[in-house]
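Colleague: I'll drop the sequence and a predicted model, then ask my questions.
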Amino acid sequence: MTFLAEFDATADSPPAEVGVVIRWLRSDWSGMYAELRANRPILPTSAFTMITRATDVLAILAQPSLYSVRANRRSMDPSVGPFMLARDETHINWQEKGLMQALLRWEDLPRARALAGEVSRAAIARASEAGVATPSLDIVPAIARAVPLAIVQRFFGFDAPAEAMLRWSFATQHGMFRNAPFDGDVLARCHEAGAEMRAWLDPFLAGKRAAGSSGGDDTVSRLIEISSLPATGLSADRVLSNVCGLLVGAIETSSQAIVQIVDQFLAHDDWRAAALAADAEGDVAGFDAHVFEALRFNPITTIQFRHLEQDRVLGEGTSYATAAKAGTVLAVCTGSAMFDPALMPDPERFDATRLANSYLHFGMGHHECLGGHVARVSIPEAVRQILRLPGLARAAGGAGLIDFAGGPFPEHLTVTWSREDPAADAAPAARSRTAEPTA
């Protein structure tokens, strides 16, 4: 049965209707989106209205006043305080986003990449010490989460205990961005994690502030130093919220990207060979392009939600124009847009020469990911260290598949490699990009 046939059959049961959407997101999002782009580009449901064509997706993301992120305040504010990322085009966003962008310096990116490589190689070395002919490694805890954790601790300068940071990151990212269908317990855990995080950070930041200008070469130290200047108008509470944001946005998103990219390369030998050829030639930009093209086939999320601020005709001027009332929740399907020929010519073909700004992995425009430039170097570097392993293959059985353990983020994916014959490369069974949930 097609998606629309199944969806239309639930017209008298709103919960079942939304359930169909969620199930297809988790089983065959690409098939659902292809059908919607062709036959019903704007699909109202009882919970949200889905937007699937690239022209409409880009138009919505480019107009943050009309299509806002105000709904994020319910999850963000009790966790980290009134936060700029839930307040597009306000004075808080204008001041604090610009300040944080200045402190997250582009000239520091080689250091972030080096750190990602260091952490990844150390994890691989530890696994290799077992002395077996075929070492193995669960890349999720060892690399995918360890790399962004190190970025937050050592590059951003938010150096709380690792176990606590991972718990805070999981709960806040789940509650703020992956709580669909809505679960009150998930939101409560998000708020609890935020309170814990702020309770730890408050004396940590106060201590750094009392120590005066330390000249620390990390984002938090720079933020403390510049906030001491009255001209910034940045209170201690605002510093606290922005430091919390460094953790919330970094760990689980980067981890999921690393895991799903590696999974795609394990499923496509030719993609992996092309990426490694670029690496062998010293073409770092070329290698990175292969990484983000692979992520397009299973992105960390295929939807961004927006709140409609005024009555509006969506897709106005088209044959599928749809009236929508203020307050409507829009499911802006970025994953669908990245398979729309209007944005990505010949979208089913793997093409590492696509323009980098065509991808929507980090959002776009006013609400583009604040630390996206850091992720653009740390994610591919972690992937590169894994792909370089001789004879890289999936572990046998279920261990070699992504395991979400019933949650919103990858928890396990075990790979093996060979000590004996670097040219030996087990041929992994190809797997569809629809095997794991993305929403």
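Modeller: Looks like it came in fine.
Colleague: elements contacting the helix or strand of the chain with the lowest mean pLDDT?
Modeller: When the helices and strands of the chain are scored by mean pLDDT, DSSP states H and E, helix 91-103 comes last with a mean of 89. If contacts are counted by 3 or more C-beta pairs under 8 Å, 6 or more residues apart in numbering; DSSP states H and E, helix 91-103 sits against helix 219-227, helix 236-248. Placement of C-beta: from N, CA and C, glycine included.
Colleague: now the angle from the longest one to helix 219-227?
Modeller: Computed with axes from the mean of the first three to the mean of the last three C-alpha atoms, to 10 degrees, the direction of helix 236-248 lies at 160 degrees from that of helix 219-227.
Colleague: follow-up on the earlier one: mind checking the helices and strands packed on helix 91-103 for the one nearest to G282?
Modeller: Across those, G282 has its closest neighbour in helix 219-227 (29.7 Å, C-beta to C-beta).
Colleague: who's in contact with the closest one?
Modeller: For helix 219-227, the surrounding residues in contact (C-beta atoms under 8 Å, 6 or more residues apart in numbering) are 99-100, 103-104, 155-158, 205, 208-209, 213-216, 232, 234-236, 238-239, 242-243, 246.
Colleague: can you flag the buried ones in the residues you listed?
Modeller: 99-100, 103-104, 155-158, 205, 208-209, 234, 238-239, 242-243, 246 (16 or more other C-beta atoms under 10 Å).
Colleague: circling back to that earlier point, in the least confident helix or strand of the chain, what counts as buried?
Modeller: 92-93, 96-97, 99-100, 103.
Colleague: the very next helix or strand once past it - what's its average pLDDT?
Modeller: Moving toward the C-terminus from helix 91-103, the next helix or strand (DSSP states H and E) is helix 109-128. Averaged over helix 109-128, pLDDT sits at 97.
Colleague: just checking, what packs against helix 109-128?
Modeller: Using 3+ C-beta pairs under 8 Å, 6+ apart: helix 109-128 touches strand 136-138, helix 146-150, helix 372-387.
Colleague: okay, angle between the least confident helix or strand of the chain and helix 236-248 too, please.
Modeller: Relative orientation of helix 91-103 versus helix 236-248 (the same axes, to 10 degrees): 60 degrees.
Colleague: give me the contact list for helix 91-103.
Modeller: With C-beta under 8 Å, 6+ apart as the test, helix 91-103 has contacts from 82, 84-85, 87, 219, 222-223, 226, 232-234, 238, 242, 245, 370.
Colleague: which of those lies closest to S336?
Modeller: Lowest distance from S336 to the contacts of helix 91-103 (C-beta to C-beta) belongs to L85, with 23.3 Å.
Colleague: which elements pack onto the helix or strand encompassing F305?
Modeller: Following DSSP H and E, one finds F305 within strand 304-308. On a contact count with 3+ C-beta pairs under 8 Å, 6+ apart, strand 304-308 meets helix 54-61, strand 67-68, strand 329-332.
Colleague: quick one: closest of those to G400.
Modeller: When those are compared by C-beta to C-beta, strand 329-332 sits nearest G400, at 32.2 Å.
Colleague: and the helix or strand following that closest one, how far out from the chain's middle?
Modeller: Sequence order places helix 334-337 as the next helix or strand after strand 329-332, per DSSP H and E. Relative to the centre of its chain, helix 334-337 is centred 14 Å away, using C-alpha atoms, centre = their mean, to the nearest Å.
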